[in-house]
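In: Okay, here's the prediction I keep looking at, along with the sequence it came from:
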Amino acid sequence: MPWLKLLHIAALVIWCGSLLYLPALLSQALQLRKDSGFAQGTPPMPRFFYNSIATPAALVAIASGTLLFLVHGLLGGWLILKLGAVVAMVAAHGCFGWLILRLEMGHYRWVKPANWTALCLALAGILSVLGFVLAKPLDWS
């Protein structure tokens with residue numbers, strides 16, 4: 001099933017790119033919010049990007065990855081390590097969603113440090129997944 005692997009890789013590329021782009025969108029929205037002085041309303045771009053691009057890509061990547069290891073019967077230590085790295089990416093994804101909600105509610109405190117923390121968590125997850133995939137020994141299955 002090469003199409004399933006292609007779908008998984010394409011969804012991962014989009015999701016990882018989204019996880020790296022969301023902090024920039026959040027920083028821009030935070031700066032616009034502080035500069036404009038509006039009482040309500042955040043520029044809609046972070047929510048749109050999160051809901052329309054990042055989350056569907058994450059769901060497709062996770063679903064196709066699950067199908068890949070079920071179809072090919074891959075189980076073992078390598079998979080557990082890779083899934084741990086995916087959990088870090090999911091946690092960062094959820095944190096970005098939480099930060100978008102905080103911005104929309106007008107709660108600016110801790111948004112900037114949490115944005116950096118989520119970016120570091122996303123980077124750790126992305127680089128770990130990449131490392132586990134590239135270093136996967138054949139006998140780990």
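Out: Sure thing, it's come through. Numbering: from 1, shown residues only.
In: Tell me where the chain is predicted with low confidence.
Out: Scanning the chain for pLDDT under 70 picks out 34-43, 137-141.
In: Do a quick rundown of the helices in it.
Out: 2-36, 45-49, 55-72, 77-105, 111-134 (DSSP state H).
In: Turn the ones you listed into TSV, including mean neighbour count.
Out: Placement of C-beta: from N, CA and C, glycine included. TSV is the format used below for the helices of the chain (neighbours: other C-beta atoms under 10 Å):
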stretch	mean neighbour count
helix 2-36	16
helix 45-49	17
helix 55-72	16
helix 77-105	17
helix 111-134	17
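In: can you pull the contacts of the closest residue to Ala88 other than its chain neighbours?
Out: Nearest residue to Ala88 in three dimensions, chain neighbours excluded: Gly125, at 3.3 Å (C-beta to C-beta, 6 or more residues apart in numbering). Counting by C-beta atoms under 8 Å, 6 or more residues apart in numbering, Gly125 makes contact with 19, 85-89, 91-92.
In: 6 Å instead?
Out: Counting by C-beta atoms under 6 Å, 6 or more residues apart in numbering, Gly125 touches 85, 88-89.
In: Ala114 versus Ile100, what's the distance?
Out: 11 Å (C-beta to C-beta, to the nearest Å).
In: whoops, I mixed them up, Gly84
Out: For Gly84 relative to Ala114 (C-beta to C-beta), the value is 22 Å.
In: can you check Ile62 too?
Out: Counting by C-beta to C-beta, the gap from Ile62 to Ala114 is 23 Å.
In: And for Trp110, nearest residue in space, chain neighbours not counted?
Out: Arg102 (8.0 Å).
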